[in-house]
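Asks: Here is the input, now give the coordinates:
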Amino acid sequence: MVDRIFYAIPIAVLVIIAFLVGFIAPDVSASRGDLSELSAQLHRLPARLEMLASTPDNNGNELPVLQTYYEVLGNLRDNYYAYTGQKVDDKELTYNAIRGMLQVLNDPYTRFLDPDSYRKMREENEGNFVGIGAHLRANKNQQIYIQEPIDGGPAEKAGVKAGDIIIKVDDKPIAGLDIDEVVTKIRGEEGTKVKLSLLRGPEQKMVEITIVRETVQFQMVESKMLEPKSQGIGYIRLRGFNEHSDQQFEKALTELERNNLKGLILDLRENPGGLLQVAVEIGSRFIESGPVVIIEDRSGAREPLNVDKSKHNHKRYPLVVLVDKHSASASEIVAGAIQDNNKGTIVGTDTFGKARVQTVSALRDGSAIAITTAKYLTPKGRDINKVGVKPDVAIEMPELKPGEELIEFGDEKRDIQLAKAVEVMNGKLKGNVSKPGIAKETPSATKPKR
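Replies: All right, here's what the predicted structure looks like:
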């Protein structure tokens, strides 16, 4: 008997170890070498094991989550009569069960990402993707149009123009599809071709263009000196906050300085946000000290994300920031920090009002969930969720008349918000205003981290 126990104990331990290894192996794979993500997955292991072992009590009060789900799934497999003859797809049922569970939270930012959506999110954050190289938007008629082809990208080289309305992709109509669905159809493997059927100009001329997909780097920054250049007003448009944004911003700012920069206009219009850390990096270029943003978790504990002083490697300049109703999340972090610290004048319209932080957790099949885990506050403790950042100088873009050409941001002749920003900047320069702007140069500062 003792001998049996002697052998049974190590065997039981090995079985338990084998079970745990098998249980966490998909999490190791899903983390893709990201130690912080793996740590988060392992941290949730006890709760997952508890849920797995969950059974109802004698009164049936506790819902056995996994048991109930598999019971329903098995019932569907065995008994569902499909009117159209299709088979029950376990993956689609599971994905939609997850979507339904998250929908109950009534939180537009907590969401499920299928493998394609999660891959696109990673591509955008990493700054590279395979496609045609164009920014898409939806107009008030829910038509998907080319907001702007990326400079030097395959779309521009093939002749695609800003304002072109997409009617078909590979001869298939896209009416009723949202932007993400259209993007999915346009993207594909490098070297393959995609055909776009486009409506162009006021006359709505039909144009068909075939484009070879290439690996494209998201160009997050556009910059130039405004006319007349003798005024010394520089313009930087920041489209999003991905892993390359701060590096591209640094390069653009350095180039403007070579052209006798005296004042800077930062354009955050239609910037949907992106990576929180990159918002801190960009914001640090304008704030001398203290927090760029404050993170508050669900317990009420607050963590200030302070200025990265390695970004203090440029002179200070008078600053004007352009925002609109599409400036969201990381854009609002930067605009709010500049406003709270009195480092620049905010011009435009109220921003979107998204002040919630999402944590993205990879799942074992390549999908992911983005869960709201905290809220953020401006340096002065303002919660701008559903409120947005209020501009110091309010001005709206005019409504376009039917058939009227789109107004491109940065168009010095037609962009009236930019014209107002220039007016505000001229006032600063004439008044020799030196307070707002990029943080003072620090002799001991290090170069920006890459």
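Asks: which one's the longest strand in the chain?
Replies: Of all segments of type strand in the chain, defined using DSSP state E, the longest is strand 368-377.
Asks: which other residues reach that one?
Replies: Identification of contacts with strand 368-377 by C-beta atoms under 8 Å, 6 or more residues apart in numbering yields 98, 102, 107, 109-113, 118, 121, 276, 293-298, 302, 333, 355-363, 383, 385. Bear in mind the C-beta positions are built from the backbone N, C-alpha and C, glycine included.
Asks: Among those residues, which lie within strands?
Replies: Those of those lying in strands (DSSP E): 111-113, 293-297, 302, 356-362.
Asks: What's the PyMOL syntax to select whichever of the residues you listed are buried?
Replies: In PyMOL, this line selects whichever of the ones in strands among the contacts of strand 368-377 come out buried by 16 or more other C-beta atoms under 10 Å:
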select buried, resi 111+112+113+293+294+295+296+356+357+358+360+361+362
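Asks: circling back to that earlier point, in its sheet, what does the helix or strand that the longest strand of the chain is followed by sit against?
Replies: The helix or strand immediately downstream of strand 368-377 is strand 393-394, counting by DSSP states H and E. Take DSSP bridges as the rule and strand 393-394 pairs in its sheet with strand 345-348 (parallel).
Asks: And the strand it pairs with, how far out from the chain middle?
Replies: In terms of C-alpha atoms, centre = their mean, to the nearest Å, the centre of strand 345-348 is set 22 Å apart from its chain centre.
Asks: Quick one: mean pLDDT over that strand.
Replies: Taken as a whole, strand 345-348 carries a mean pLDDT of 98.
Asks: for stretch 210-219, same thing?
Replies: 91.
Asks: for it, which positions count as buried?
Replies: Buried residues in stretch 210-219 (16+ other C-beta under 10 Å): 211, 213-214, 216-219.
Asks: Look up how far Asp180 lies from the closest residue to Thr192 other than its chain neighbours.
Replies: Excluding its sequence neighbours, the residue lying closest to Thr192 (C-beta to C-beta, 6 or more residues apart in numbering) is Arg213, at 5.4 Å. If you measure Arg213 against Asp180 using C-beta to C-beta, to the nearest Å, the figure is 17 Å.
Asks: and the end-to-end length of stretch 300-315?
Replies: In stretch 300-315, first residue to last residue: 37 Å (C-alpha to C-alpha, to the nearest Å).
Asks: Would you pull up how far it lies from the middle of the chain?
Replies: The answer for stretch 300-315 is 21 Å, by C-alpha atoms, centre = their mean.
Asks: model confidence over that stretch, on average?
Replies: 96.
Asks: mind showing which ranges of the stretch 351-450 of the chain have poor pLDDT?
Replies: 403, 432-450 (pLDDT under 70).
Asks: again, 80 this time
Replies: Where the stretch 351-450 of the chain drops to pLDDT under 80, the residues are 400-406, 431-450.
Asks: So what does the closest residue to Gly274 other than its chain neighbours look like in phi/psi?
Replies: Excluding its sequence neighbours, the residue lying closest to Gly274 (C-beta to C-beta, 6+ apart) is Phe241, at 3.1 Å. Backbone geometry at Phe241, expressed as degrees, to the nearest 10, gives phi -120, psi 80.
Asks: Relative to Glu281, how far out is Phe241?
Replies: From Phe241 to Glu281 the distance is 9 Å (C-beta to C-beta).
Asks: what about the strands in the stretch 151-300 of the chain?
Replies: Listed in chain order, the strands of the stretch 151-300 of the chain (DSSP state E, counting those that start in this stretch) span 165-169, 172-173, 193-200, 205-212, 214-217, 221-225, 233-238, 263-267, 291-297.
Asks: just to revisit the earlier point, right, and the residue nearest to Gly274 touches Leu275 too?
Replies: Yes: with contact defined as C-beta atoms under 8 Å, Phe241 reaches Leu275; the gap is 5.2 Å.
Asks: Those two - which one has more neighbours?
Replies: Phe241 (30 against 18; other C-beta atoms under 10 Å).
Asks: which SS state does Arg316 fall under?
Replies: Secondary structure state of Arg316, per DSSP: H, G, I helix; E, B strand; the rest coil, is coil.
Asks: returning to that earlier point: quick check: the residue nearest to Gly274 vs Arg364, distance?
Replies: Taking C-beta to C-beta as the measure, Phe241 and Arg364 are separated by 28 Å.
Asks: Okay, helices next: where are they in this structure?
Replies: Secondary structure of the chain (DSSP state H): helices at 2-31, 35-43, 45-52, 65-79, 90-103, 115-126, 154-158, 179-186, 245-257, 276-284, 330-340, 416-430.
Asks: Could you give the average pLDDT over the longest one?
Replies: Model confidence over helix 2-31 averages 51 on the pLDDT scale.
Asks: What of the fifth one?
Replies: Helix 90-103 comes out with an average pLDDT of 93.
Asks: Packing partners of it?
Replies: Judged by 3 or more C-beta pairs under 8 Å, 6 or more residues apart in numbering; DSSP states H and E, helix 90-103 is in contact with helix 65-79, strand 111-113.
Asks: Within its sheet, name the partner strands of the shortest one and how each one runs.
Replies: Which is strand 111-113. Paired strands of strand 111-113, with direction, are strand 368-377 (antiparallel) (DSSP bridges).
Asks: wait, what's in contact with the residue nearest to Gly274?
Replies: So Phe241 contacts 220, 271, 273-275, 278-279, 282, 330-331 (C-beta under 8 Å, 6+ apart).
Asks: hmm, 7 Å instead?
Replies: Phe241 makes contacts with 273-275, 278-279, 282, 330, as judged by C-beta atoms under 7 Å, 6 or more residues apart in numbering.
Asks: Give me the distance between it and Phe218.
Replies: From Phe241 over to Phe218 (counting by C-beta to C-beta), the distance is 11 Å.
Asks: likewise Val292?
Replies: Val292 is 23 Å from Phe218, by C-beta to C-beta.
Asks: Mean pLDDT lowest where, among the helices and strands packed on helix 90-103?
Replies: Least confident of the helices and strands packed on helix 90-103, judged by mean pLDDT, is helix 65-79 with a mean of 86.
Asks: Show me the common contact partners of Phe241 and Phe218, please.
Replies: By C-beta under 7 Å, 6+ apart, no residue touches both Phe241 and Phe218.
Asks: coming back round to it: any idea of the pLDDT on the residue nearest to Gly274?
Replies: 97.
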